[in-house]
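In: Structure, please.
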Amino acid sequence: MSTPELGLPMVAPAPGLPDRVRIHEVGARDGLQNEKGTVPTEVKAEFVRRLADAGLTTIEATSFVHPKWVPQLADAEQLFPLIGDLPVALPVLVPNDRGLDRALALGARRVAVFASATESFAEANLNRTVDEALAMFEPVVARAKASDVHVRGYLSMCFGDPWEGAVPVPQVVRVCGALLDMGCDELSLGDTIGVATPGHVSELLRALNEARIPTDVLGVHFHDTYGQALANTYAALEHGVTTVDASAGGLGGCPYAKSATGNLATEDLVWMLRGLGIDTGVHLDRLVATSAWMAEQLGRPSPSRTVRALSHKEQ
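Out: Sure thing, here's the model as predicted:
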């Protein structure tokens, strides 16, 4: 146990937790895609640069989805060259072959596909059944891997669906297995509407292991609708998960699920991990300053409790 610096938590490690966690920062993509207005490309580029300067090493940059569906990210071709020189991983979302073509043409080396564990959300998000969506992703993943590109598989609605309610664990395990079988390097388990609880998280992770899906290919992506995101993250850490998705300032939601509120705020995550003695490589002061700056660009306060608390201390 160590004495805290001013404005930082006391470090009191808990037994059995990882020594280090990789934060998969999604604010620039998942965060900004849900904004009502369009953020200027130059502001997005500055946001990514500031996130990198804060020590984040994986920053999801944008999405190569057709602009009709996500107009907030229609400037992907203009944005990516402005940040491509950064010494960090810059994953991008690709929905299909055309999206992959656009990403590869700009030199992207990490891509992600976005699947659903439920039929209702697959229909709402992709206008396909779950299996039809998987069939669409299979050649995309194969082409990416043939180009030596890292592929992440997002799986939404792993814990609950606004149309179907609770999602059976075996249903989630099946789709996870299909994504790995087609060649995905890692999976992100999404609590898209924020209804998960720690016991549910542990049950799913155990079931995945029992299906011979190892923990080291799993990341978690929690929304904070019911204030459970940090508790759910802790449950995942206890299970050995070392990749956690978060969004600077708590930006984001999901444009196709109205009950999806903000993502887990990166600052709140870093505060908890620092108190547990878990290394992230993130400079919390720089990250808070970045999110406070972005909140100014968006014209509203940051929803992150840590940003608000530490920004208030500086005033």
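In: State the phi and psi torsions of Asp185.
Out: phi -80, psi -30 (degrees, to the nearest 10).
In: What is the neighbour count of it?
Out: 15 (other C-beta atoms under 10 Å). The way it works is simple: take the backbone N, C-alpha and C, and place the C-beta from them, glycine included.
In: Also Ala207?
Out: 15.
In: looking at it, it is touching Gln171, isn't it?
Out: No: at 10.5 Å, Ala207 does not count as touching Gln171 under the criterion of C-beta atoms under 8 Å.
In: Contact partners for the one residue sitting closest to the centre of the chain?
Out: Residue closest to the mean C-alpha point of the chain, counted by C-alpha atoms, centre = their mean, is Asp245 at 3.7 Å. Listed by C-beta atoms under 8 Å, 6 or more residues apart in numbering, the contact partners of Asp245 are 23-26, 30, 188, 219-222, 263-264.
In: rerun that using 7 Å as the cut-off
Out: Going by C-beta atoms under 7 Å, 6 or more residues apart in numbering, Asp245 touches 24, 26, 188, 219-221.
In: cool, and Gly84?
Out: By C-beta under 7 Å, 6+ apart, the neighbours of Gly84 are Gly107.
In: show me where pLDDT drops low in this structure?
Out: 1-6, 253-261, 312-315 (pLDDT under 70).
In: what about the helices in it?
Out: Using DSSP state H, the helices of the chain run over 41-53, 76-83, 97-105, 119-126, 130-146, 169-181, 198-210, 229-239, 266-275, 284-298, 305-314.
In: Point out the other elements, helices or strands, that the fourth one touches.
Out: Which is helix 119-126. helix 130-146 (3 or more C-beta pairs under 7 Å, 6 or more residues apart in numbering; DSSP states H and E).
In: Could I get the buried residue list for the helix it packs on?
Out: Using 16 or more other C-beta atoms under 10 Å as the test for burial, helix 130-146 gives 130, 133-134, 136-138, 140-141, 143-144.
In: how close does Arg308 get to Glu25?
Out: With distances taken as C-beta to C-beta, to the nearest Å, Arg308 is found 19 Å from Glu25.
In: Who has more neighbours out of those two?
Out: Taking neighbours as other C-beta under 10 Å, Arg308 and Glu25 compare with Glu25 leading, 29 against 19.
In: Could you pull up the residues touching the more buried one?
Out: Going by C-beta under 7 Å, 6+ apart, Glu25 touches 51, 56, 58-60, 246, 248, 266.
In: Take these and lay them out in JSON lines including distance to Glu164 and neighbour count.
Out: JSON lines is the format used below for these (distance: C-beta to C-beta, whole Å; neighbours: other C-beta atoms under 10 Å):
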{"residue": "Leu51", "distance to Glu164": "35", "neighbour count": "28"}
{"residue": "Leu56", "distance to Glu164": "34", "neighbour count": "28"}
{"residue": "Thr58", "distance to Glu164": "31", "neighbour count": "20"}
{"residue": "Ile59", "distance to Glu164": "32", "neighbour count": "25"}
{"residue": "Glu60", "distance to Glu164": "27", "neighbour count": "24"}
{"residue": "Ala246", "distance to Glu164": "26", "neighbour count": "32"}
{"residue": "Ala248", "distance to Glu164": "31", "neighbour count": "31"}
{"residue": "Thr266", "distance to Glu164": "30", "neighbour count": "35"}
